[in-house]
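1. Have a look at this prediction, sequence included:
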Amino acid sequence: MSATSGSAERNEPPSGAADARGPRELASFSQAELADVRRRIRERHEEERVVPGEGLRERKKRLMRQQISDTATFMFMERGFDEVRIAEVAAEVGVSEKTVYNYFPTKESLVLDRADDMIEQMRRTLVERPPDVSPTEAVVGLIEREAARYDMLDPVAVATMIEFSRMVDRTPALQAAIRDLTAKLVDIATEALAESAQVDPRDPEPRIAANALVGLWEIHSESSRRRLTDGTPPEQLREALLDDTRRAARLLETGLWSFNSIVQGQKTRSQLADAARTANEARKQVIEALRQARDAWREVRRAHDELHESGESPWFERHRAAAEERGVHHAQRERRRAIAEQHRAIADAYRAEHQAIGKAQKQEHRELARQHKAEHRQLLEEHRKATRAEQEALRAEQERQRGRG
């Protein structure tokens, strides 16, 4: 369940809708309303994403992953991210702690469960965009598709999204995870832009362009948080968010000269015309720099290919050594993971053995109790028989004495 999951969407507002004073707090809703939200989350996830060629087993795994994430996120919002243990999440869902770790390698990934999807969507958006669509337009289109979930939000959904933002604000671990995700998005966007422009990914142009494009996501997220907190009506939220995003995108498309014009108070036609000419010259310089960078990158690759064919490529040797080092690190990580799995398996076996011993001891105690009870009954019965025999003998003796008298 990510920050933009829109997890409580529906068409009709529930009882206790927000009034003109602003959105209600999540704690003000009843447990029944919150349970209804979680039920509708599960129903929506079962309907929304139809994966072509997905088998029954894959679909069950996907839905289980989403259920674990949604359950954990609600628990984190209710009690605090640092106050909830993974074992508690597993118990709430009804799975083992190992199952949770199989789906989510870290506690933070339980919250940022769509991180991999976001990275892949950013890559495909930039790589597969049509020739007549600019990178800015492509990213805005991606944000517009993601924003479709804001079409209809009820008050519980609004309160949930506000509380989600607050949870992130007060959790340093989640803030660090979001910064890491942003850095990965910038890296992916840089590689995609460099590939489409045929330049070195280390050049400044694709890097600064990637930072600006990822900044549109940040604008969208910050606008969502601000407008939700300010009490923007749910039916107006989507258009308000997209308007903020498009305004930022227009600035990227036209260039920073328009921003400087506003800041410096340039309002005359001649000043704006001078700024436009300056921006046009700057664009020409950028295009020329990109051409030169592309030619230089092609020359570097050609020289590398020649050296590689001759077997004298220090660049190739360095990268092979780096790849081997990465392989060593990967093997170390795998060993640590295997050791952790072994420790968990030992712990599981110990718990199972302890439970079996406890069960056997309980069974033994019950058997001893039954034996003691049976022995007690037998002693009582023998005592009754001996008492009856003594009484009969006494009566017989009394009868004989009366006969003699």
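-> Cool, got the structure. Numbers count the residues shown, from 1 in each chain.
2. ok, residue 357 - how many residues close by?
-> 10 (other C-beta atoms under 10 Å). Heads up, the C-betas are built off the backbone N, CA and C, glycines and all.
3. Next up, the contacts around residue 68.
-> Listed by C-beta atoms under 8 Å, 6 or more residues apart in numbering, the contact set of residue 68 reads 89, 93, 95, 99-100, 103-104, 110.
4. mind listing the helices for this structure?
-> Here the chain has its helices, by DSSP state H, at 31-48, 56-79, 86-93, 97-103, 115-127, 135-146, 155-169, 172-197, 204-230, 234-254, 257-263, 269-310, 314-404.
5. I'd like those helices laid out as CSV, including mean pLDDT.
-> Shown next, in CSV, are the helices of the chain (pLDDT from 0 to 100):
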stretch, mean pLDDT
helix 31-48, 59
helix 56-79, 88
helix 86-93, 92
helix 97-103, 92
helix 115-127, 90
helix 135-146, 88
helix 155-169, 83
helix 172-197, 90
helix 204-230, 87
helix 234-254, 83
helix 257-263, 42
helix 269-310, 67
helix 314-404, 78
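6. winner for burial among the ones you listed?
-> When the helices of the chain are scored by mean count of other C-beta atoms under 10 Å, the highest mean neighbour count falls to helix 155-169 (a mean of 21).
7. helices or strands up against that one?
-> helix 31-48, helix 56-79, helix 172-197, helix 204-230, helix 234-254 (3 or more C-beta pairs under 8 Å, 6 or more residues apart in numbering; DSSP states H and E).
8. try 7 Å this time
-> In this structure, helix 155-169 makes packing contacts with helix 31-48, helix 56-79, helix 204-230, judged by 3 or more C-beta pairs under 7 Å, 6 or more residues apart in numbering; DSSP states H and E.
9. Could I get the phi/psi values of the residue nearest to the spatial centre of the chain?
-> By C-alpha atoms, centre = their mean, the chain has its centre lying nearest to residue 113, at 1.9 Å. As for residue 113, its main-chain torsions (degrees, to the nearest 10) stand at phi -70, psi -20.
10. Before we move on, what's the pLDDT of it?
-> On the pLDDT scale, residue 113 is placed at 85.
11. so how far is residue 62 from it?
-> Taking C-beta to C-beta, to the nearest Å as the measure, residue 113 falls 11 Å from residue 62.
12. do the same with residue 383
-> Distance from residue 383 to residue 62, by C-beta to C-beta: 71 Å.
13. Residue 188 too?
-> Applying C-beta to C-beta to residue 188 and residue 62 gives a distance of 23 Å.
14. How about the contacts made by residue 143?
-> By C-beta atoms under 7 Å, 6 or more residues apart in numbering, the contact set of residue 143 is 216-217, 220, 245.
15. One more pass at 10 Å, please.
-> Listed by C-beta atoms under 10 Å, 6 or more residues apart in numbering, the contact partners of residue 143 are 4, 125, 216-217, 219-221, 241-242, 245-246, 249.
16. ok, now residue 100?
-> Contacts of residue 100 by C-beta under 10 Å, 6+ apart are 65, 68-69, 71-72, 86-87, 89-90, 93, 107, 110.
17. Show me which pair in those residues is furthest apart.
-> Within those, two members stand farthest from each other by C-beta to C-beta: 65 and 87, at 18.0 Å.
18. returning to that earlier point: got the helices and strands packed on helix 155-169 as JSON lines, with distance to residue 171 columns?
-> Compiled in JSON lines, the helices and strands packed on helix 155-169 are given as follows (distance: least, C-beta to C-beta, whole Å):
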{"stretch": "helix 31-48", "distance to residue 171": "21"}
{"stretch": "helix 56-79", "distance to residue 171": "8"}
{"stretch": "helix 204-230", "distance to residue 171": "15"}
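19. Which among those helices is found nearest to residue 133?
-> Closest to residue 133 of the helices and strands packed on helix 155-169 is helix 204-230 (C-beta to C-beta; 13.0 Å).
20. what helices or strands is that closest one leaning on?
-> Under the contact definition 3 or more C-beta pairs under 10 Å, 6 or more residues apart in numbering; DSSP states H and E, helix 204-230 sits against helix 115-127, helix 135-146, helix 155-169, helix 172-197, helix 234-254, helix 269-310.
21. Just put the ones you listed in TSV and tack on distance to residue 379.
-> Formatted as TSV, those follow (distance: least, C-beta to C-beta, whole Å):
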stretch	distance to residue 379
helix 115-127	73
helix 135-146	80
helix 155-169	67
helix 172-197	67
helix 234-254	79
helix 269-310	96
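22. Mind checking the ones you listed for the one nearest to residue 205?
-> helix 269-310 (5.9 Å).
23. these two touch, right, residue 99 and residue 87?
-> No. Contact criterion C-beta atoms under 10 Å: residue 99 and residue 87 do not qualify, at 11.4 Å.
24. about what we covered before: which neighbours do residue 113 and residue 62 have in common?
-> Common neighbours of residue 113 and residue 62 (C-beta under 10 Å, 6+ apart) are residue 103.
25. Nearest to residue 350, out of the helices and strands packed on helix 155-169?
-> With C-beta to C-beta as the criterion, residue 350 lies closest to helix 56-79 of the helices and strands packed on helix 155-169, at 25.2 Å.
26. Give me the domain ranges for this structure.
-> The chain breaks down into these domains under automatic domain parsing: 26-254, 267-312, 319-405.
27. Just give me how far the last one sits from the chain centre.
-> Right, domain 319-405. Centroid separation for domain 319-405 versus its chain: 45 Å, with C-alpha atoms, centre = their mean, to the nearest Å.
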